[in-house]
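S.K.: Could you look at this predicted model? Sequence included:
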There are 2 protein chains.
Amino acid sequence: MPEVITAVDAVDVRFPTSRELDGSDAMNPEPDYSAAYVTIRTSGGGVGFGLAFTVGRGNDVQVAAIRALAPLVVGLPVAEVLGDLRAFSERLTGDSQLRWLGPHKGVIHMAAGAVVNAAWDLYARREEKPLWRLLAEMSPERLVSLVDFRYLRDALTPQEALDILQRAQPGREQRQRDLLARGYPAYTTTPGWLGYTDEKLVRLAKEAVADGFDLIKLKVGADHDTDIHRLALAREAVGPHVRIAIDANQAWGVDQAISWLTSLAPYEPYWIEEPTSPDDVLGHAAIREAVAPVKVATGEHCHNQVMVKQLLQAQAIDILQLDATRVAGVNENVAILLLAAKFGVPVCPHAGGVGLCEMVQHLAMFDYVAVSGSTRGRVIEYVDHLHQHFVDPVVIREGRYVTPEGPGVGARMHPESVAAYTFPDGPQWQSER
Amino acid sequence: MPEVITAVDAVDVRFPTSRELDGSDAMNPEPDYSAAYVTIRTSGGGVGFGLAFTVGRGNDVQVAAIRALAPLVVGLPVAEVLGDLRAFSERLTGDSQLRWLGPHKGVIHMAAGAVVNAAWDLYARREEKPLWRLLAEMSPERLVSLVDFRYLRDALTPQEALDILQRAQPGREQRQRDLLARGYPAYTTTPGWLGYTDEKLVRLAKEAVADGFDLIKLKVGADHDTDIHRLALAREAVGPHVRIAIDANQAWGVDQAISWLTSLAPYEPYWIEEPTSPDDVLGHAAIREAVAPVKVATGEHCHNQVMVKQLLQAQAIDILQLDATRVAGVNENVAILLLAAKFGVPVCPHAGGVGLCEMVQHLAMFDYVAVSGSTRGRVIEYVDHLHQHFVDPVVIREGRYVTPEGPGVGARMHPESVAAYTFPDGPQWQSER
């Protein structure tokens, strides 16, 4: 009997972060950081873990979507799934009925991502490698075979992708050693949430600098005068040499973004993140042209590789902030890294949330070793929340991610945490009542 | 005690259309046309009906999303909801936690659309008017107030929207009379499903012409030689003067679309619908430039007004095919009609499915009376499936929609149909087992 997948379980896990206003921004005043947490189980006792990050209400809908995918997965031979993870990914994103709910966007696409990542986690555990190394040790041909090029070929052909990967191949071993020795640069959003007091902002900004970060991020976009006040405070706290990125979380229209940013320009923000609707490719291009040299960054809500393709084709962004759980998992993120490399745009992943730091670090590190071959202009977001719930929590040292060596994609949580924070019946939520 | 909303019910209704291959196309080989069917109830005995259309599996996820919105609605005073339907719409699409599941796309956005449309249905019933007339009798100022301009102003300002509506105002009464006398032009997709035999295609194409249609649509994109064979058959069946539109349902990449269409050009297709990913604004623009004079049409999967804005800004389409249930309901479709009018692009709504004909006719008719003021180059899709389940089924006469006069938005189904086709426990599905 071949080993088969016997279960795809999904649990609604929510952390009551709104109590502390951690994660508060112009569009997310009171998030309860949550995960639709997936466990794949096999008849051979294998397990794989994935998740979709959400901010509270609706996490049950995300769980329902994962459960709707389960019948497509249960019963599949494990060897077949792990032997062709692109086919597995397309099975989930291309189902002729479920596809209508997207296509390739929103709840159903994030559900596919959680399940695809869980399959990659199973694979990485079997190979006893962290995801970044599993990918970084694949041949260029194998990596190209992971990507669905149907809607990409006008911007990136399989041959171009292969060329990019082959160019990076000679330095792979050297960069892998460098990564293990020095880690990967990080920046911190910890000081910058809108709900924090001035005192807390200043204290956390100073701590960030003392901890070795040379880039911090502030939330903006709710109130113009407050933005100027907080930017000035932060600049005074960190001094002239630490970069300050700002993040509007989609608060503005295109023209409004341009005028608001023009007035913030004297404070020299390094990048403006999510100035407007994440769907507005042409809007980002217009903003970028108007606000240079301030860089334009987006990606955490960029719902698939077709949108990434257009952001790059339209020269709409300076920085691509891919997300581990917004798109359909590792396969689509490999495509996104290749697109970014083709267009020469650095990837600075979105993190924070629940497990995003743990997951995106693998993608950035794989990019460094085997795709772009560089960390220049690249940083991974870091937020110091909720890591204690993960079996392999990220480690930050002197403003850098320490390279993980344990197996998997980073999504595995402690069973005790999952049980305690299951919504609405876990003890942490019962005590709320 | 003011009248309040007491319930937002959602039912999973599925029709086993895959048994007959009705609705089969290049991406949807075996759809079971379905509706996540919403009923709003009030303490005063009022009711309003809405729905989200899906194609089978995943309709339960759509229902779960509607249920996730219900707590935002239950308990609201009816007068407050109906007095400011824009605020109601933004309450649903802007909830700070649920918004993360989109934003403004996919399952959660369609759920908002179903609930917003149900509220409009309640309103129209109260006013005893069909939706098209309810809208067409509102002042230009009131219509502008329905729209969320946050992400639109760079393409359409409130003042420009007002100007469009005021320009159309003098002819409203005349056009309303014309509409009641002559109806609105339709085209038919009935002959063109991929799953049909040659004989059935030819027979239905001839019937369509005999029934008064001067535009039919064929599905293409699965097999190149089959497309040419079927196009030739259809052309022979309908003669040289009936237009034949073709619909690839997203089957192609950009370059592939251009080469495939070049080889179909001798058969003079009137428009090519959904040649590639619905998200690919720039791709549609490239295709349009390459395949002119064949028109490029899309919209049924265009997930929000920001995407419509860009399709228009990029001159990517000749025809906009809005959908009644893909976006967040009547409010967003009013915005979309105004955008199309600003850019001079005709709207030819997507229909078929479950109740889409019944619903989109109101939007097209409102457009004619009060927005574009024209039916030139405009047709509403018609497919002759499933109308018997609706309380006010569309009526087609001599290739035109007969203007509806009953109250509501068109989504109300017979309770017997809802009960019979409820999935998985209704008798029509029980007998499947």
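M.R.: Everything's here; your move.

S.K.: Which residue ranges of chain A form strands?
M.R.: For chain A, the strands defined by DSSP state E cover A:5-14, A:34-42, A:47-54, A:184-192, A:215-219, A:243-247, A:271-273, A:295-298, A:319-320, A:380-382, A:396-397, A:400-401.

S.K.: For B:Pro16, find the nearest of those strands.
M.R.: strand A:5-14 (26.1 Å; CB to CB). In this view, the C-beta of every residue, glycine as well, is placed from N, C-alpha and C.

S.K.: just the angle between that closest one and strand A:34-42, please?
M.R.: If you take axes from the mean of the first three to the mean of the last three CA atoms, to 10 degrees, strand A:5-14 sits at 160 degrees to strand A:34-42.

S.K.: list the helices and strands strand A:5-14 packs on?
M.R.: On a contact count with 3 or more CB pairs under 8 Å, 6 or more residues apart in numbering or on different chains; DSSP states H and E, strand A:5-14 meets strand A:34-42, helix A:59-69, helix A:106-127, helix A:415-421.

S.K.: Pull the residues that contact it.
M.R.: A:32-43, A:56, A:59-60, A:62-63, A:66-67, A:69-70, A:73-76, A:78, A:81, A:114-115, A:118, A:354, A:413, A:417-418, A:421-423, A:429 (CB atoms under 8 Å, 6 or more residues apart in numbering or on different chains).

S.K.: make it 7 Å
M.R.: A:32, A:34-43, A:56, A:59-60, A:63, A:66-67, A:69-70, A:73-76, A:78, A:81, A:115, A:418, A:421-423 (CB atoms under 7 Å, 6 or more residues apart in numbering or on different chains).

S.K.: ok, which of the residues you listed also contact chain B?
M.R.: Among the contacts of strand A:5-14, proximity to chain B is found for A:Asp32, A:Gly56, A:Asp60 (CB under 7 Å from any CB of the partner chain).

S.K.: Let me know how buried the last one is, in neighbour terms.
M.R.: It stands for A:Asp60. Residues lying near A:Asp60 (other CB atoms under 10 Å in any protein chain shown) number 20.

S.K.: Verify the contact between it and B:Arg67 for me.
M.R.: No. Using CB atoms under 7 Å, A:Asp60 is not in contact with B:Arg67, being 8.6 Å away.

S.K.: For the closest residue in space to A:Thr54 that isn't next to it in sequence, grab the count of nearby residues.
M.R.: Excluding the flanking residues, the one nearest A:Thr54 by CB to CB, 6 or more residues apart in numbering or on different chains is A:Ser34, at 4.8 Å. Residues near A:Ser34, counting by other CB under 10 Å, number 30.

S.K.: Show me what A:Ser34 bridges to in the sheet.
M.R.: A:Arg14, A:Thr54 (DSSP bridges).

S.K.: In chain A, what residue comes closest to chain B?
M.R.: A:Gly106 (2.2 Å; CB to the nearest CB).

S.K.: Kindly state the pLDDT recorded for the closest residue to that residue other than its chain neighbours?
M.R.: The shortest distance from A:Gly106 to any non-neighbouring residue, by CB to CB, 6+ apart, is to B:Gly106 (2.2 Å). With respect to pLDDT, B:Gly106 has a value of 98.

S.K.: Check the gap between B:Gly106 and B:Trp100 for me.
M.R.: 12 Å (CB to CB, to the nearest Å).

S.K.: What's the local residue count around the residue lying closest to A:Ser89 once chain neighbours are set aside?
M.R.: Using CB to CB, 6+ apart and skipping residues adjacent in sequence, the residue nearest A:Ser89 is A:Asn331, 4.4 Å away. Counted with other CB under 10 Å, the neighbours of A:Asn331 add up to 27.
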